[in-house]
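Asker: With the input below, show me the fold.
(chains A, B and C)
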Amino acid sequence: MSPPAPRVICWFRTDLRVHDSPALHAALALAPACLYPVWCWDPHYVRTAPVAPNRWRFLLECQRDLSAALTRLNPAQRLFVLREAPTTLLPKLFAAWNITHLVFERDTDTSYGALRDAEIVEKARNAGVQVVTAAGRTLWDPVDITREAGGKPTMSLTAFMKAAKKLGDPAKPLDAPTSLPDPGDLTLSFEHAPPSSDTDINAPHRRGHGDQSYVALAGPGGDFSVPTLEELGIPASAATTPHQGGETIALQHLAKLIADPKYIATFEKPKTAPTAFEPASTTLLSPHLHFGSLSVRRFLHDVQNATAKHTGKKSSPPTNLPGQLYFRDMYFAAQHAVGPAFGCELGNPVVRYIPWHLPSTDTGYTVDSLEAHAWFVRWAWGLTGFPFVDALMRQLRAEGWIHHLGRHMAACFLTRGGAYVHWERGAAVFAELLLDHEPACNAGNWMWLSCTAFFAQYYRVYSPVAFGKKWDPEGTFIRRYVPELAEYSNKWIYEPHRAPREEQRKAGCVVRALEEGGKNSGDVYYPAPMFDFAERREVCLAGMKEAYKVGVHGDDARVVNGTARDALFGNEHGAASVETGTAGEKRKRAGSTLDGWVQKKTCT
DNA sequence: TAGATGTTGCGAGG
DNA sequence: CCTCGCAACATCTA
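Answerer: Residues are numbered from 1 along each chain as shown, chains lettered A, B, ... in the order given. Model prediction:
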């Protein structure tokens, strides 16, 4: 007698698609008698990391699109969304639904994701459920890259490509299935374990009734529906991004790009304008790669095909489109080799220690300088008084995406090229606001731009005036995202504080110190620059030079035990005198000057 | 171990 | 469009 046909859960996580989904493919290869496509609404993601409403909306759109795609393949199918942590839920489902196999895409996360997966694999074994994992998030498996790189983190594209070459071409993308088996019995005859409500870092985004997504295991209608923003307690108006999620949109967008082989074949990242919008100068596919609404191998494959169609000069790595994907893989692989410390300074062997302002503590960060804290808050809200920087930061807040070079400008400005604030502060803001936030890439790029890893030429500093002008001398980008400056002439649009008062009035927006306040009058104001850039550039360069000379990394004992700043750096560039008052009080004082400005800056 | 190279600086000068 | 000086880092190749 042959064994009964498998009853399979395909657990979707960051692979919200049916095209080239290795996990779905592996699940179907088991020839299951029944298949349960499942999403677990994990309270860890929902409640312990700050996430802006834009990203929730994008995720829900991806889930709805995947659910619809599954239903098209079999009207009895959908994405079964369950509101409980996978570690407690999956074991209960194994029993309730008589599951024989659990299939999922392996997480590249080295901390929470790895621990959670290990726990689930263990529980599956105990339940007699076979676990099948697939790798699909990157072109090459970070495990394989790390092995080929001799166990060392890939700290340059050269090192990464050398390792990748030994592994051969990435796997070819798989076609979407043409049919799906039915799901089996959907009875949920067990206790629902909603999360405790004491931690919810995203509470400020929610309406009065808070997060309702855990009230019922299978959703308010008991039909396993994809949650709505309303269910999460997030007002629809809070999600302001024009960028939409979902595999359908991702594939349409990819097809449109591919239809222009010249664009694809000659793409050179450094030549694309960070000031372009509607349309952007790059592909804008990164949010889809993050949520898995587009397979990175599918992207590469289509790019290679389109490139082959183009006759004439072609670009090559690192600047061409495949090069961009290689950088992404490089960061994933480096993160894998370093482990959880890759995302921070503490204990990180590859990151250079620099006595930045606002260094991290166990629970937050130290306000070592009120001035620097004010700079950080103003940066985060697009009120630095440097229009190009402010335009970028407002675009980020409103839309959840900015061009890669714009991220360079913003990151350099906050860290080594202006405010000398710790890169972890900036990374946290990006992590909350970016639709495409990918922990490995975010940390990697912040280390790159702060010249603490991957890149070291700290004397190349981006100018908030010159850099944008190179692509956009008319300041079209600034006029779009800093609308109060729209009437300024080209001459002053990058430096409105230098315009004569008369011209400022004529342009309908007067520049004045942020401390003087932005309201209490019918007039429109734009803040004066928060510091003298040329002066700050020199201070930062001197600080970097000193820190490079000291040459200590995040895993140094003195960094780990907290003595590095005082022991290794003089007052001038490091051991900043600690001011009195609790960190909370100081933060409040430093941020209070934004009253009246923060409302005004909102873009529509 | 020297010399070239490294995704994406700026400003002056040609 | 190009090159150079600026003051100068880490990594890779030969």
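Asker: before we move on, what SS does residue A:9 have?
Answerer: Under the three-state scheme (DSSP: H, G, I helix; E, B strand; the rest coil), residue A:9 adopts strand.
Asker: Contacts only, for it.
Answerer: Taking C-beta atoms under 8 Å, 6 or more residues apart in numbering, we find residue A:9 in contact with A:36, A:38, A:90, A:93, A:94, A:97, A:99, A:101, A:102, A:103. From N, CA and C alone the C-beta is placed, and that goes for glycine too.
Asker: Which residue comes closest to the residue positioned nearest the centre of chain A once chain neighbours are left out?
Answerer: For chain A, residue A:437 is the residue whose C-alpha lies nearest the centre (C-alpha atoms, centre = their mean; 0.9 Å). Using C-beta to C-beta, 6 or more residues apart in numbering and skipping residues adjacent in sequence, the residue nearest residue A:437 is residue A:431, 5.1 Å away.
Asker: Now do the one you found against residue A:380, distance only.
Answerer: 12 Å (C-beta to C-beta, to the nearest Å).
Asker: What of residue A:277?
Answerer: Applying C-beta to C-beta to residue A:277 and residue A:380 gives a distance of 21 Å.
Asker: and the stretch 501-604 of chain A, which residues reach DNA strand C?
Answerer: Residues of the stretch 501-604 of chain A lying close to DNA strand C (C-beta under 7 Å from any atom of the strand) are A:545, A:548, A:551.
Asker: and which of these is nearest to DNA strand B?
Answerer: DNA strand B lies nearest to residue A:548 out of those, by C-beta to the nearest atom of the strand, at 12.0 Å.
Asker: Where helices are concerned, which of the residues of the stretch 501-604 of chain A next to DNA strand C count?
Answerer: A:545, A:548 (DSSP state H).
Asker: Looking at residue A:277 and residue A:380, which is more packed in?
Answerer: Each of residue A:277 and residue A:380 has its neighbours counted (other C-beta atoms under 10 Å); residue A:380 has more, 23 against 19.
Asker: Setting aside sequence neighbours, what's the nearest residue to that one?
Answerer: Using C-beta to C-beta, 6+ apart, the nearest residue to residue A:380 is residue A:429, at 5.0 Å.
Asker: Pop the domain breakdown of chain A in here.
Answerer: Structural domains assigned to chain A are A:1-137, A:247-335, A:342-594, following automatic domain parsing.
Asker: Would you single out the least confident of these?
Answerer: Note on those: domain A:342-594 shows the lowest mean pLDDT, a mean of 91.
Asker: Give me the distance between that domain and the centre of its chain.
Answerer: Distance of domain A:342-594 from its chain centroid, counting by C-alpha atoms, centre = their mean, to the nearest Å, is 18 Å.
Asker: likewise stretch A:219-229?
Answerer: The answer for stretch A:219-229 is 26 Å, by C-alpha atoms, centre = their mean.
Asker: Could I get the buried residue list for it?
Answerer: A:219, A:224, A:225, A:226, A:227, A:228, A:229 (16 or more other C-beta atoms under 10 Å).
Asker: do the same with stretch A:273-285
Answerer: A:273, A:274, A:275, A:276, A:277, A:280, A:281, A:282, A:283, A:284, A:285.
Asker: Please give me every residue in contact with the fourth one.
Answerer: Under the criterion of C-beta under 8 Å, 6+ apart, the contact list for residue A:276 reads A:403, A:471, A:477.
Asker: Can you flag which of the residues you listed belong to helices?
Answerer: Among the contacts of residue A:276, the ones falling in helices (DSSP H) are A:471, A:477.
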